[in-house]
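>>> predicted model and sequence follow; I will ask about them next.
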Amino acid sequence: MRSALLALALLLAVPAAGQERVTYPSADGTTIEALLLRPEGQGPHPAVVLMHGCGGREDSRGRWIARDAEWARRLAALGYIVLAPDSFGPRGVRTLCKVANRPVLASRERRADALGARAWLAARADVRAEAIALMGFSNGGSTVLFASDAPGFAAFVSFYPGCRALLSRRGWQPSAQLLLLIGEADDWTPAAPCAELAAKHPAITFVSYPGAYHGFDGPGSRVQVREGMALTASGTGSVHVGPNPAAREDALRRVSTFLAAAFRN
């Protein structure tokens, strides 16, 4: 474990060419603000669109959510351009975790944001248009699922999404290989519907982690209980969120391998 953490620290220390704020048009016409991270070199590079969770891209102090920021730096260090849109700010929303009737939906606005991001990246000279992946966490992971039937992406990575809605959707199937990772103890977005969804679609590689909760790949030292959350598996609003070192380490390795293979095709 110590050697793996050291290797990750060294990887994240690799310099990137820069980070900037950009805007692009969502497929629904909304102007979306996004953070763009570029690796060293002219490219063209593969790219990853990174979709935030229901808490938004930034925390209450305006800081990039630590899990998302760490993944973005890691991906940039691997040589990928990373685009991290803010689906909430342009629509007057900060967080939706405690909102049941949501004005911004993974299946509608956020899907449009993902499709707009792909089109915007594909038009850039420093991006390989055929090598753009979509990756997201929780509500962002659900966005990945809802956008995965659209053509144009090279691969999809979905962390602990809600899968139940897609079980009954006729005609839905991923347009490229999809890696779905979830904790078996997840009591916010349960693993069972995702396992069932994966069993129906050969394009989905399903990975579940025993004893892991929602947000198992995030930084931190302990699992916390959050209250008042909407749309939970139990309906009580109480969920466990926090890291699982073994699951996190496996996910870091697995995602890197999955994207490398997808971008070679």
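Perfect, I can see it now.
>>> all strands for this structure, in order.
Taking DSSP state E as the criterion, the chain contains strands spanning 18-25, 31-38, 45-51, 81-85, 127-137, 155-159, 178-183, 204-209, 224-226, 239-241.
>>> contacting residues around Gly56?
By Cβ atoms under 8 Å, 6 or more residues apart in numbering, Gly56 lies in contact with 65, 86, 88-89, 93-96. Heads up, the C-betas are built off the backbone N, CA and C, glycines and all.
>>> swap the cut-off to 10 Å and go again
Residues in contact with Gly56 (Cβ atoms under 10 Å, 6 or more residues apart in numbering) are 65, 68, 86-89, 93-97, 139.
>>> closest one to Met229 out of those, please.
Nearest to Met229, judged by Cβ to Cβ, of those is Cys97 at 5.6 Å.
>>> if I look at the closest residue to that closest one other than its chain neighbours, how far off is Trp120?
Excluding the flanking residues, the one nearest Cys97 by Cβ to Cβ, 6 or more residues apart in numbering is Cys54, at 4.3 Å. Distance from Cys54 to Trp120, counting by Cβ to Cβ, to the nearest Å: 24 Å.
>>> and what of Ser238?
For Ser238, the distance to Trp120 - Cβ to Cβ - is 39 Å.
>>> and what of Val144?
Look at Val144 and Trp120: by Cβ to Cβ, they are 17 Å apart.
>>> tell me who's in contact with the closest residue to Ser221 other than its chain neighbours.
Among residues not flanking Ser221 along the chain, Pro243 sits closest, at 7.3 Å (Cβ to Cβ, 6+ apart). Going by Cβ under 10 Å, 6+ apart, Pro243 touches 67, 212-213, 215-223.
>>> ok, Val144 and Trp120, which is more surrounded?
Taking neighbours as other Cβ atoms under 10 Å, Val144 and Trp120 compare with Val144 leading, 29 against 22.
>>> list the residues that contact the more buried one.
49, 51, 106, 110-111, 114, 133-137, 153, 156-159, 161, 174, 178-180.
>>> longest helix in this protein, by residue count?
Across the chain, the longest stretch assigned as helix under DSSP state H is helix 245-264.
>>> what is it packed up against?
Based on contacts counted as 3 or more Cβ pairs under 10 Å, 6 or more residues apart in numbering; DSSP states H and E, the elements that helix 245-264 packs against are helix 2-12, strand 45-51, helix 66-77, strand 127-137, strand 155-159, strand 178-183, strand 204-209.
>>> so for that helix, mean pLDDT?
The average pLDDT for helix 245-264 rounds to 97.
>>> number the residues from 53 up from this point.
Shifting the count to begin at 53 puts that one at helix 297-316.
>>> how big is the angle separating that helix from strand 230-235?
Angle, helix 297-316 to strand 230-235, by axes from the mean of the first three to the mean of the last three Cα atoms, to 10 degrees: 180 degrees.
>>> now the angle from helix 297-316 to strand 256-261?
Computed by the same axes, to 10 degrees, the angle separating helix 297-316 from strand 256-261 equals 160 degrees.
>>> could you list the low-confidence segments of the stretch 53-202 of the chain?
Scanning the stretch 53-202 of the chain for pLDDT under 70 picks out 53-69.
>>> mind redoing it with 90?
53-70, 93-95, 112 (pLDDT under 90).
>>> quick check, nearest of the contacts of Pro295 to Arg154?
For the contacts of Pro295, the nearest to Arg154 is Gly267 (19.4 Å; Cβ to Cβ).
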